[in-house]
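# Test case, fold it:
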Amino acid sequence: MTILDYIVDASEPITLIGGGVANLKDLSEARALAPTCVAADGGAALAVAAGVPLAALIGDLDSTTPEVLAQIPRDKRHLITEQDSTDFDKALSRVNAPLILGVGFTGARLDHQLAAFNTLAAFAHRPCILLGPLEIILLAPPHILLPTAPGDVVSLMPLAPVRGRSKGLRWPIDGLPFAPGGQIGTSNEATGPVELTMEGPDMLLILPRRLMAPLVARLLQQDRAQWPVRAE
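Here you go, the predicted structure:
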């Protein structure tokens, strides 16, 4: 996709709102870091409830009620009718920003949440942090120094076979062959700041929610926060 194909192209982080479990506090915390908002279909309801203007509403719009839709200007509505992708896919692929904060893509239906994790892997080149009730979830970048404190839970969940290296984890991951149905890394523990280096873009990283703001700052500052576009 070229810059001419993007519905929203921004030089600052964007808050992307989904139709899953989220509240006004979640949206407010995300907007403090990423004021520009885009809704993926049903996420428009939360934006309207919060009185937040949308740069765009993207999706097949089957989850946006007529009452909500009526409050969104027509030129901000972008109907994507194909049914081979989720609304998260449709929105994430059509916005361009250095970082995206996803609100409303966890909780509620488990299949929707798993689909959101799959989308993170499919668009590994597009840094995105999902905000959950207690945690934040992102695809581990090629290299990251995490602003963790001793005792913080650091969970690693592979979406495909992948290896990595670590410093600052109670149980180091060096040399471990992570894979679905095999080695996973839930409930590891930080002994202080954690440094992770991953060999591929297939590891979910789950961290305490309070780390969202410092992690956003870290990802925006470092050069190696982004994977290349996956080969077709």
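# Let me see the mean pLDDT of the lengthiest strand in the chain.
Counting residues, the longest strand found in the chain (DSSP state E) is strand 185-198. Taken as a whole, strand 185-198 carries a mean pLDDT of 97.
# Residues in contact with that strand: which ones?
With CB atoms under 8 Å, 6 or more residues apart in numbering as the test, strand 185-198 has contacts from 140-158, 162-171, 173, 176, 178, 205. Bear in mind the C-beta positions are built from the backbone N, C-alpha and C, glycine included.
# For that strand, which strands pair with it and how are they oriented?
Strand 185-198 has its sheet partners listed here by DSSP bridges as strand 143-146 (antiparallel), strand 153-158 (antiparallel), strand 164-169 (antiparallel).
# all strands of this structure, in order?
When secondary structure is read from DSSP E, the chain shows strands at 8-9, 14-17, 36-40, 56-59, 77-79, 95-96, 100-103, 128-131, 135-139, 143-146, 153-158, 164-169, 185-198, 203-208.
# Nearest to Phe117, out of those strands?
Shortest separation from Phe117 across the strands of the chain is recorded for strand 203-208, at 6.1 Å, computed as CB to CB.
# pLDDT weak spots in this structure?
The chain contains residues with pLDDT under 70 at 1-4, 223-225, 231-232.
# can you list the domains in it?
As assigned by automatic domain parsing, the chain contains the domains 12-133, 143-198.
# any idea which of the ones you listed is most buried?
Most buried of the domains of the chain, by mean neighbour count (mean count of other CB atoms under 10 Å): domain 12-133, with a mean of 19.
# Pull the distance from that domain to the chain's centre.
Centroid displacement of domain 12-133 relative to its chain, using CA atoms, centre = their mean, to the nearest Å, is 10 Å.
# swap in stretch 163-181?
Between the centre of stretch 163-181 and the centre of its chain there are 22 Å (CA atoms, centre = their mean).
# Which residues does it contact?
140, 146, 148, 154, 156, 158-162, 183-185, 188-200, 203.
# Pull the CA coordinates from it and hand them back as CSV.
This file holds the C-alpha atoms of stretch 163-181, laid out as CSV (Å, rounded to 0.1, in the frame of the first residue of the first chain):
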residue,chain,number,x,y,z
ARG,A,163,13.7,-17.6,19.0
GLY,A,164,15.1,-14.6,20.9
ARG,A,165,17.5,-13.5,23.6
SER,A,166,17.0,-11.6,26.8
LYS,A,167,18.7,-9.7,29.6
GLY,A,168,17.0,-8.9,32.9
LEU,A,169,14.5,-11.8,32.9
ARG,A,170,14.4,-14.2,35.9
TRP,A,171,14.3,-17.1,33.4
PRO,A,172,16.4,-16.1,30.3
ILE,A,173,15.0,-17.1,26.9
ASP,A,174,18.3,-17.5,25.0
GLY,A,175,18.3,-20.6,22.8
LEU,A,176,14.7,-21.6,23.6
PRO,A,177,12.7,-22.7,20.5
PHE,A,178,9.4,-21.0,21.2
ALA,A,179,6.4,-22.4,19.2
PRO,A,180,2.6,-22.8,19.5
GLY,A,181,2.0,-26.2,21.1
